[in-house]
Each structure stands twice: as C-alpha cells, then as structure tokens.
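Asker: What would the 3D arrangement of this be:
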Amino acid sequence: MFADTSTTPVEVRPISPWVRVRRRGPLLIPSSESASPGIYGVDLTLGCGHFCRWCHVREAPAPMGRGRLLYDPRLAERLVDRLDSLAETPRAVCLSPRSDPFPPSREIVRVAEEVINVLLEREIPVIVMTRGRIPRRLIESLAARSHLVRFAIGLSTLNRSISETLEPGAATPRARLRNVKRVLQAGLTCELRLEPLIPDWTDTRENLIPVFAALRELGVRELITHYLFLHPAMQEPFQAAIEPLGWKERLDDLYRGGPVFTLGSAGATKHLPLEARRTRLARVVAWAAEQGLSIRTGTAQNPDLSSHPHKRILAQTQTTTAETANRATRHSTVRHPPRRGTWKAASIGCDLASSRASHERRGREAETPAHSTG
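Answerer: Residues are numbered from 1 along each chain as shown. Purely as a prediction, here's the structure:
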C-alpha cells in the first residue's frame, strides 16, 4: 500500500515510532469478495500502533527500522484526488482492514477524523474497526449521519493484565466499553467483535461472563467471535508474551493436528482442531445466552464447520458467510495490486450500503406531499 518504504522520513521524533512519509501506491484497496463489489479498505498507517501480540500485522519493514510505523499526514487530501478519479463512487469504505484508525497518537487520530469527514461529505458509508480510544467529539459529530457510519469494536477481556499482555498499545477494556456506550447513545450502529478467543485463556467462563454482563448492561445483544489462528508473522511476539506464563507448551498441544486454512493474502493459518472449536464455541454460546446475548461466527475462519455433517454449532452461532473486515492481508507495495492486495469485505459493508439507500428512500417519501382522500 505504501509503494516506496525508502521515502525519506520527515520530522521524526526520537522517541516516537511514527514516521511521516508521502503516501505512494494505492489508497483504496478493493474487497476480494465478489459479492461485495465497490467496497474498499483504507489503511492510515503501514503497521499497527497497537502491537497486538496475537496479530500478524507488524511494524514497517526495513529500511525504516524495526518498530517504525509509517503514515502520511496529508492522506485525506490524497484520498480526495483518488475518489475524484474513480468512475463509480464506493459503496462503502472500511477503516482500517490492516491497521487501526485510533492508535495512541494524536496525529494519526487527526488523520482518521479527516478521512472520515472526506468520505461522509460524499455520502460514502464508513465502517470503522478499532480497539483504540474513539474521540468523543468524533462520535458526537457523527450522530447526524448515523445511517452512514458503523463501528466494529474489538474486545476479548475486561482483565487489564491480560489486555496489556496481549494488546499493549490498545485502549484499556474499560475505555472500549465507554466507546461502546457513547457510540450507542449517539444512535450509531456498533458491532462487537469478541476476538480473538484464546483457548483456556480468554474463552473461559471466568473471563467471559464479566464481558457479557457489561455488554448486556450497555444494550448489546449480539456478538461476533472467532478463535485465535496461528500465523508465522505473529509467532515471535505472541510466544514472547505467553512464555513467561508457561503457556507456550499448552498452546502447542491445543493446536496440534489442527487444520491449515488460507485467509486472504495472509496465506496459511493454523486453527484449532474442528471438534475442539465446535465444543468450545458451543460452550461460549451457552454462556452468552445466560446473559441474553447471541453469538455468531464466520465461515472464513471456519470453512470446515460449514461442511461438517454435524451442523448444530452453525445453528447455535447463527454462522454468517461474510466477515466485517478480515485482517488476513498484507500491505501492498505495488502501484497496481494483484489479487493478493485485496481484503475480505463484510456483510457490514453491504448493510451500510443498504442503510444509505433506505435512508434516501425515507427522505424522498418525507418530501412527497400527502394526498387528501376526502
């Protein structure tokens, strides 16, 4: 996505991982799902500032140096030019399939707000995926355009120690709950992503019941969940996080014999064995039901569930065939990306496009004068 990572950085702060560059290469990455034409993703950065140990999206590659994260402070301006060049207006745009629009950086958050405003000024539906702290002012400003905006907020624990171990740069769990509360109070749609579920760590009753209870109190009724998949790019940071806990051997045992699936351009990813996933998902579904919540999962990460003869878990979890925005991709470094430069789009994107059409219809109906039947 950033075609030239050798670009000379500008105004690099010595203690900051953020490096300013002029963005080159494609800004809008199309969805790889044929059922979702016209849906694009925009990544504000190369690398993600949350440094989640379980995620395969890492920092910028050499020659920028390990731990560096690239961004273009004038991304919104360049997006305007790119949108003007398109033959058709996008049906929806996702921020951000392979990073996070709200990392712990005021500068990146500013860029995120500018990009969102550019899209909404053109009546383009926006999907915002985040584990960061969403500015209150932004949520309040989006309330008037609720039909064009949907948030997808990731959360897997309320335990701050677990969160800091797994997601050291993300907002605290309580801050994310405040995000959910403010988004819902503003009348915006909010999708909860209970992921990743890590077997015997974040998928335990002790961990999940407090999460379910807190979300129920906020008015949430449905969650989407997936189990952790293993990818070579996250092996080193994830093992470094869990090794002091003596959990590495346990993880190896749990995933031994599990299937390998191809997830977008992430390539081969290893998953829990089928029966383990079915059993564990059913248990999570039951615990959520105790709190009045429903759980669904997707077939992108569970293709063997959809083809397995025992489909009870599919009925229980209301499995959907579309993902909100699968992060199983990499940043493209070519100006005209091949198929691998795409990303998995979402039913959420289709829903937003439908929501916009519905809103426009209601507006036309409201403008139509009533006829007397007298």
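Asker: Next, the residue lying closest to Ile134 once chain neighbours are set aside: phi, psi?
Answerer: Spatial nearest neighbour of Ile134, excluding adjacent residues (C-beta to C-beta, 6 or more residues apart in numbering): Asn179 at 4.8 Å. Placement of C-beta: from N, CA and C, glycine included. Backbone torsions for Asn179, taken as degrees, to the nearest 10, come to phi -60, psi -50.
Asker: same deal with Arg131?
Answerer: According to degrees, to the nearest 10, Arg131 has phi -120, psi 10.
Asker: so where's the stretch 201-350 of the chain shaky on pLDDT?
Answerer: Confidence mapping of the stretch 201-350 of the chain against pLDDT under 70 gives the ranges 265, 306-350.
Asker: So which residues of it form strands?
Answerer: Per DSSP state E, counting those that start in this stretch, the stretch 201-350 of the chain carries strands over the ranges 222-227, 260-262, 268-270, 294-296.
Asker: Check which residues of the longest one are buried.
Answerer: Put plainly, it is strand 222-227. The neighbour-count check on strand 222-227 (16 or more other C-beta atoms under 10 Å) flags 223-227 as buried.
Asker: next one: the last one
Answerer: Within strand 294-296, the residues that qualify as buried by neighbour count (16+ other C-beta under 10 Å) are 295-296.
Asker: So for Val80, what's the nearest residue that isn't a sequence neighbour?
Answerer: Residue nearest to Val80 in three dimensions, not counting chain neighbours: Val118, with 5.8 Å by C-beta to C-beta, 6+ apart.
Asker: I misspoke; the intended subject was His50.
Answerer: Spatial nearest neighbour of His50, excluding adjacent residues (C-beta to C-beta, 6+ apart): Gly169 at 3.9 Å.
Asker: Quickly find the element holding the residue nearest to Val80.
Answerer: helix 106-121 (DSSP states H and E).
Asker: Going by distance to Gln291, which of the buried residues of strand 222-227 wins?
Answerer: Leu223 (10.2 Å; C-beta to C-beta).
Asker: beta partners of that closest one?
Answerer: Beta-bridge pairing for Leu223 (DSSP bridges): Leu192, Ile295.
Asker: on that earlier part again, distance between the helix holding Val118 and the chain's centre?
Answerer: Centroid displacement of helix 106-121 relative to its chain, using C-alpha atoms, centre = their mean, to the nearest Å, is 17 Å.
Asker: Mind giving me the packing neighbours of that helix?
Answerer: Helix 106-121 sits against strand 69-71, helix 75-85, strand 92-95, strand 126-130, helix 136-142, with contacts defined as 3 or more C-beta pairs under 8 Å, 6 or more residues apart in numbering; DSSP states H and E.
Asker: what's the angle from it to helix 75-85?
Answerer: Interaxial angle of helix 106-121 relative to helix 75-85 (axes from the mean of the first three to the mean of the last three C-alpha atoms, to 10 degrees): 30 degrees.
Asker: quick one: contacts of helix 106-121?
Answerer: 18, 42, 44-45, 49, 71-73, 75-76, 79-80, 83, 93, 95, 101-103, 125-126, 128, 132, 135, 138, 142, 145, 148-149 (C-beta atoms under 8 Å, 6 or more residues apart in numbering).
Asker: C-alpha coordinates for that helix, PDB please?
Answerer: C-alpha atoms of helix 106-121 as PDB (Å, rounded to 0.1, in the frame of the first residue of the first chain):
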ATOM      1  CA  ARG A 106      -3.000  12.300  18.300                       C
ATOM      2  CA  GLU A 107      -1.600  12.900  14.800                       C
ATOM      3  CA  ILE A 108      -3.000   9.600  13.400                       C
ATOM      4  CA  VAL A 109      -6.300  10.200  15.100                       C
ATOM      5  CA  ARG A 110      -6.500  13.600  13.400                       C
ATOM      6  CA  VAL A 111      -5.800  12.000  10.100                       C
ATOM      7  CA  ALA A 112      -8.500   9.400  10.800                       C
ATOM      8  CA  GLU A 113     -11.100  12.100  11.500                       C
ATOM      9  CA  GLU A 114     -10.100  14.000   8.300                       C
ATOM     10  CA  VAL A 115     -10.500  10.800   6.200                       C
ATOM     11  CA  ILE A 116     -13.900  10.000   7.800                       C
ATOM     12  CA  ASN A 117     -15.100  13.500   7.100                       C
ATOM     13  CA  VAL A 118     -13.900  13.300   3.400                       C
ATOM     14  CA  LEU A 119     -16.000  10.100   3.000                       C
ATOM     15  CA  LEU A 120     -19.100  11.400   4.700                       C
ATOM     16  CA  GLU A 121     -19.100  14.700   2.800                       C
END
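Asker: Use 692 as the first number for this chain going forward.
Answerer: Right, with 692 as the first residue, what we last looked at is helix 797-812.
Asker: That one versus strand 817-821: what angle between them?
Answerer: 160 degrees.
Asker: Just list whatever residues bridge to the residue most central in space within the chain.
Answerer: For the chain, Met820 is the residue whose C-alpha lies nearest the centre (C-alpha atoms, centre = their mean; 4.0 Å). As for beta bridges, Met820 partners with Ala843 under DSSP bridges.
Asker: give the contact list for it.
Answerer: Taking C-beta under 8 Å, 6+ apart, we find Met820 in contact with 785-788, 791-792, 842-843, 845, 884, 1015-1016.
Asker: From these, list the buried ones, please.
Answerer: Among those, those scoring as buried are 785-788, 791-792, 842-843, 845, 884, 1015-1016 (criterion: 16+ other C-beta under 10 Å).
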